[in-house]
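Asker: next input, structure requested:
(4 chains)
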There are 2 protein chains.
Amino acid sequence: MTEAPGGQASGETLLYLTDEQLRQGAEAMFFAYRGFTADPDRILAGLSYGRAHHRALHFIHGAPGTTVNNLLSILGVTKQSLNRVLRTLIADGLVESRVGRDDKRERHLHLTEAGRALEQELTDVQRARMRTAYRQAGPEAVAGFRKVLEAMMDPEQRRQYKALREGRG
Amino acid sequence: MTEAPGGQASGETLLYLTDEQLRQGAEAMFFAYRGFTADPDRILAGLSYGRAHHRALHFIHGAPGTTVNNLLSILGVTKQSLNRVLRTLIADGLVESRVGRDDKRERHLHLTEAGRALEQELTDVQRARMRTAYRQAGPEAVAGFRKVLEAMMDPEQRRQYKALREGRG
DNA sequence: TTGGAGTGTCAACAACGCTGACTTAAAGTG
DNA sequence: CACTTTAAGTCAGCGTTGTTGACACTCCAA
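Answerer: You can find the predicted model right below:
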């Protein structure tokens, strides 16, 4: 990362970003995301499930009782797409759909015991990789990692991300 | 995943990584990767192309004359999958496939003028986002970002990643 | 000349996005 | 109460992109 030789500090750091540096960043994202999903993918492959199932389990675990609509906006897919996934998860007894108490149109989603077990298994292998990566890179690197990722999100995605964080405090 | 409090420092930095921190990291990866691909995806949608086409164009651009086999190992897909993409790109005149001079079994891949133009268009919007993110996060954050991403790759992917970097020096 | 590597192609399938159209039920509103 | 809106579910169909398996062709090398 070459720095600006001279140049005015105006609150924001000035960076001369060459084509090559940005290209490397893009490739790093590509390869790293592959690594990031590789371990859960291996487990899911044997269950006729896919990444979409993992994501659903992950976010239901993280926000128990969430509604379908809320999950839709987090995942950013169509309800038809999500419904296909939820249907199989409910049929297989991993997710429970409870009719809303106040608003009976809503369905509140919860993991069953079996759902929790699979979620745990999936995210365990994923977290093992992240833990190793975090340790290798060190705490400052992790802070930077999170900072760049957050800056890379769409504003709406960033809002979702922060809301989830705060919701778990 | 709560960490052991205490523990020996053995050259590696010690980090207390809570379940929540790792969960946030995973979510950050998910949301950021969505942002990362959003802009090129919008352009590709209108061309009946997808991400796979973008990736092929990207890596052919970065390593002109690469063979199909080499591209396969970089992208980590089957030859049937890659072939489908390459066939359309060649048919549409974006990629040129030249029979190897020394080994005539090999096909060396190059972008045509039109291919270069589309690759430029796609990566321009992607790089614009990365540039903004990099500037917002600052140079130390970027260094950490790259460090963590690299640590997150599979060893083979990391090898590929570094080889590409060195190949362009 | 035979075997193997590199490449290309066909067929079939699965996961998971999408759109569009439609239903049911409940809630909100005039 | 009648009407509209909202939440959810469903059906049908399509596109991209990954997968296997099978097979053919070219060319190099033992």
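Asker: alpha carbons only for contacts and neighbour counts from here, please
Answerer: Will do.
Asker: from residue B:135, how far off is the nearest residue to residue A:144 once chain neighbours are set aside?
Answerer: In this structure, residue A:144 finds its nearest non-sequential neighbour in residue B:141, 3.4 Å apart by CA to CA, 6 or more residues apart in numbering or on different chains. Applying CA to CA, to the nearest Å, the value for residue B:141 to residue B:135 is 10 Å.
Asker: more neighbours: these two, which one.
Answerer: When residue B:141 and residue B:135 are compared for neighbours, residue B:141 comes out ahead with 23 against 20, by other CA atoms under 10 Å in any protein chain shown.
Asker: backbone dihedrals for the residue of chain A found nearest DNA strand D, please?
Answerer: Proximity to DNA strand D, evaluated over chain A using CA to the nearest atom of the strand, is greatest for residue A:69 at 3.1 Å. Backbone torsions for residue A:69, taken as degrees, to the nearest 10, come to phi -60, psi -40.
Asker: if we can go back for a sec, pretty sure the residue nearest to residue A:144 is touching residue A:143, no?
Answerer: Yes: under the criterion of CA atoms under 8 Å, residue B:141 is in contact with residue A:143, at a separation of 6.9 Å.
Asker: list the contacts of the residue of chain A closest to DNA strand D.
Answerer: If a contact means CA atoms under 8 Å, 6 or more residues apart in numbering or on different chains, then residue A:69 has no contacts.
Asker: likewise residue A:57?
Answerer: Counting by CA under 8 Å, 6+ apart, residue A:57 touches A:95, A:111, A:115, A:119.
Asker: could you measure from the residue of chain A closest to DNA strand D over to residue A:52?
Answerer: Spatial separation of residue A:69 from residue A:52 under the definition CA to CA is 16 Å.
Asker: just residue A:169 next, same as before
Answerer: Where residue A:52 is concerned, residue A:169 sits at a distance of 26 Å (CA to CA).
Asker: number of nearby residues for residue A:117?
Answerer: Around residue A:117 sit 12 other residues, with neighbours defined as other CA under 10 Å.
Asker: phi and psi next, for the residue most central in space within chain A.
Answerer: In chain A, the C-alpha closest to the average C-alpha coordinate belongs to residue A:55, at a distance of 7.1 Å (CA atoms, centre = their mean). Backbone torsions for residue A:55, taken as degrees, to the nearest 10, come to phi -60, psi -40.
Asker: count the residues that sit near the closest residue to it other than its chain neighbours.
Answerer: Using CA to CA, 6+ apart and skipping the chain neighbours, the partner closest in space to residue A:55 is residue A:75 (7.8 Å). For residue A:75, the neighbour count with other CA under 10 Å is 19.
Asker: who's in contact with residue A:116?
Answerer: Contacts were defined as CA under 8 Å, 6+ apart; by that measure residue A:116 touches A:61, A:94.
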